[in-house]
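[1] Structure for this input, please:
(one chain, ligands or ions: 1)
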Amino acid sequence: MKITSLPTVFTEALPVLEKINQAGYEAYFVGGSVRDLLLNRHIHDVDIATSAYPMEIKHIFNRTIDTGIKHGTVTILYNGNSYEITTFRTESGYQDYRRPDHVTFVQNLSEDLKRRDFTINALAMDASGNIIDHFDGIGDLRRHVIKAVGVAENRFHEDALRMMRAVRFMSQLEFNLEEKTYQAIKDNHHLLSKISIERIREEFVKMGIGKGSRRAFQVFLDTGLSQEVPCFQDKKDLLSIFPKLTFNPTTEENLWAVMIVLLKVANQDIAKFMSKWKNSNAMERQVARIVEFFDLISSRSPTNYELFRNDLKTILLTIDLSNILGQPVNGSALVDRYENLPIKKQKDLVVNGETLLKSGIPAGPKVGYLLQKITQAVVEGELDNDLDAINQFILKHE
Ligand SMILES: Nc1ccn([C@@H]2O[C@H](COP(=O)(O)OP(=O)(O)OP(=O)(O)O)[C@@H](O)[C@H]2O)c(=O)n1
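    From the prediction side, this is the model:
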């Protein structure tokens, strides 16, 4: 197969391939970019594989960064873009089912393609647009199948994360798992426990927000992979709800929001669950806001109006909460309600603890009690956020 019309991301990178070729070495576009080109999907960057050694690449290009010389990778800067160029290699010395300890450079592309995870990822393209496909990756793209290169079990023993990648691609591409690949995951799911949660999380999130997430979740459960993820170990029932949802989360925040709501419905410890994921601090803060926000919605007694943020509005508008909360929830009505709140944060209230003390309320629990009553009445629209009105209200409730 020959591709005659290439997107810019490739045409911009063609001179890089040509320069390597002119120096007497082979060079190809490889991996996800070739797969996505054939699927007509958006391509964010291209990776290059070559017969040249890293030192030779450093001679050919002026501006280079030693990204992973030991593993054969040099990043080059060319015409305002950066490209990762990796020497053809096989991987050996896998210990702990993680990344290889050392790699062996090889002189032909064929060996390099053989070590890759799935047939659809073992494609290469030369500078003239010819596709090199030793494992019928093109056929599998047509059949919508994720199939391991060679013996599936071996691929997963080399890198157990590949089992998560399989379900992630299933979701992103809306593909099926080839039978032997599926069986190999089922037989080897326990190997996933060797992989760090950070690497699992990256694939889990991609799986959770892909178009085929619900089918992928089912496989994540059925193969036993979910059992190997610490926070899901005792949550089979909870996870089984996911494939039945009537919508797909499309952002990471939405995915966590769905998880949180599911945990809430099941009355489970959200903080414990979330801490096991080792999310970034920023995501943790976002998650905390989502948790409090759902508290707000389900209890219908808002206490902290600062929690209402535009980004959370999206969740309300895009997720069918009725489905997960098991009670009718009109997302847009809730958005309207919160948007039109007389006060959106505690500071907006014309009184606070100090002003109440100054007006003669004795120090003690009464202050907090009154403040809460006032806030609630203002939020519910029963009381104006006005000093006179509030003073009248205090007289009645003292
Ligand atoms: N555990 C892994 C990770 C990667 N690869 C190979 O390295 C390529 C590049 O990997 P990566 O950039 O992580 O993923 P992509 O397949 O490019 O997918 P995406 O960019 O969508 O994440 C893959 O296509 C695959 O050939 C592999 O064999 N095993």
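
[2] from here on, contacts and neighbour counts on C-alpha atoms
    Fine.

[3] Low-confidence stretches in the stretch 201-350 of the chain?
    Segments of the stretch 201-350 of the chain classed as low confidence (criterion: pLDDT under 70) are 246-247, 264-267, 289-290, 292-331, 334-335, 337-338.

[4] 80 instead, please
    Under the criterion pLDDT under 80, the flagged ranges of the stretch 201-350 of the chain are 234-242, 244-248, 253-254, 257, 260-270, 282-341, 344-346.

[5] What residues does the stretch 1-150 of the chain have near the ligand?
    31, 32, 116, 117, 121, 122 (Cα under 6 Å from any ligand atom).

[6] Near the nearest residue to the second one once chain neighbours are set aside, how many residues? Count them for me, please.
    With Cα to Cα, 6 or more residues apart in numbering as the criterion, residue 32 has its nearest non-adjacent residue at 5.7 Å, and that residue is residue 121. Residue 121 has 25 neighbouring residues, counting by other Cα atoms under 10 Å.

[7] Tell me the spacing between residue 121 and residue 14.
    Taking Cα to Cα, to the nearest Å as the measure, residue 121 and residue 14 are separated by 20 Å.

[8] for residue 284, same thing?
    When Cα to Cα is applied, the distance between residue 284 and residue 14 equals 42 Å.

[9] cool, and residue 186?
    Summarising the geometry, the distance separating residue 186 from residue 14, computed by Cα to Cα, is 41 Å.

[10] how about stretch 164-174, does it reach the ligand?
    No: judged by Cα under 6 Å from any ligand atom, stretch 164-174 stays clear of the ligand, getting no closer than 7.3 Å.

[11] Residues contacting that stretch, please?
    Under the contact criterion Cα atoms under 8 Å, 6 or more residues apart in numbering, stretch 164-174 has outside partners 144, 146, 175-177, 200, 203-204, 206-217, 219-220, 225.

[12] try 7 Å this time
    Stretch 164-174 has contacts (Cα atoms under 7 Å, 6 or more residues apart in numbering) with 146, 176-177, 200, 203-204, 206-207, 210-213, 216, 220.

[13] Pull that stretch out as PDB, backbone CA atoms only.
    Listed next in PDB are the C-alpha coordinates belonging to stretch 164-174 (Å, rounded to 0.1, in the frame of the first residue of the first chain):
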ATOM      1  CA  MET A 164      -4.300  -2.200  29.700                       C
ATOM      2  CA  ARG A 165      -3.300  -0.700  26.400                       C
ATOM      3  CA  ALA A 166      -5.400  -3.400  24.700                       C
ATOM      4  CA  VAL A 167      -8.600  -2.400  26.500                       C
ATOM      5  CA  ARG A 168      -7.600   1.300  26.000                       C
ATOM      6  CA  PHE A 169      -7.400   0.900  22.200                       C
ATOM      7  CA  MET A 170     -10.600  -1.100  22.300                       C
ATOM      8  CA  SER A 171     -12.300   1.900  23.800                       C
ATOM      9  CA  GLN A 172     -10.500   4.600  21.700                       C
ATOM     10  CA  LEU A 173     -10.900   2.900  18.400                       C
ATOM     11  CA  GLU A 174     -14.100   1.000  19.200                       C
END
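
[14] Could I get the buried residue list for it?
    For stretch 164-174, the neighbour count (16 or more other Cα atoms under 10 Å) marks 164, 165, 166, 167, 168, 169, 170, 171, 172, 173, 174 as buried.

[15] tell me which element the first one is part of?
    Assignment of secondary structure by DSSP states H and E places residue 164 within helix 161-173.

[16] Partner strands of the strand or helix carrying residue 124 and their direction?
    Take DSSP H and E as the rule and residue 124 turns out to sit in strand 123-125. As defined by DSSP bridges, the strand partners of strand 123-125 come to strand 27-30 (antiparallel), strand 131-133 (antiparallel).

[17] any idea how far residue 381 is from residue 342?
    The value you get for residue 342 to residue 381, if Cα to Cα is used, is 7 Å.

[18] These two: who's more crowded?
    More crowded of residue 342 and residue 381, by other Cα under 10 Å: residue 342, with 17 against 13.

[19] what pLDDT does the nearest residue to that one once chain neighbours are set aside get?
    Nearest in space to residue 342, with sequence neighbours left out and distances taken as Cα to Cα, 6+ apart, is residue 379 at 6.0 Å. According to the model's per-residue confidence, residue 379 sits at a pLDDT of 76.

[20] ok, how many other residues are close to residue 379?
    Counted with other Cα under 10 Å, residues neighbouring residue 379 total 24.

[21] Can you give me the neighbour number for the closest residue to residue 82 other than its chain neighbours?
    Excluding the flanking residues, the one nearest residue 82 by Cα to Cα, 6+ apart is residue 76, at 5.5 Å. Applying other Cα under 10 Å, we find 22 other residues in the vicinity of residue 76.

[22] if we can go back for a sec, residue contacts, the residue nearest to residue 342?
    With contact set as Cα under 7 Å, 6+ apart, residue 379 has these partners: 341, 342, 343.

[23] what does residue 283 give?
    By Cα under 7 Å, 6+ apart, the contact list for residue 283 is empty.

[24] where exactly do the helices run in the stretch 51-200 of the chain?
    Under the criterion DSSP state H, counting those that start in this stretch, the stretch 51-200 of the chain carries helices at the ranges 54-60, 109-114, 137-143, 152-158, 161-173, 179-188, 197-208.

[25] Let me know which of the ones you listed is tucked in deepest.
    Using mean count of other Cα atoms under 10 Å, the stretch among the helices of the stretch 51-200 of the chain with the largest mean neighbour count is helix 161-173, at a mean of 24.

[26] Stretch 223-237 spans what distance, first to last residue?
    The straight-line separation of the ends of stretch 223-237 (Cα to Cα) is 15 Å.

[27] quick one: buried residues of it?
    By 16+ other Cα under 10 Å, the buried positions in stretch 223-237 come out as 223, 224, 225, 226, 227, 228, 229, 232.
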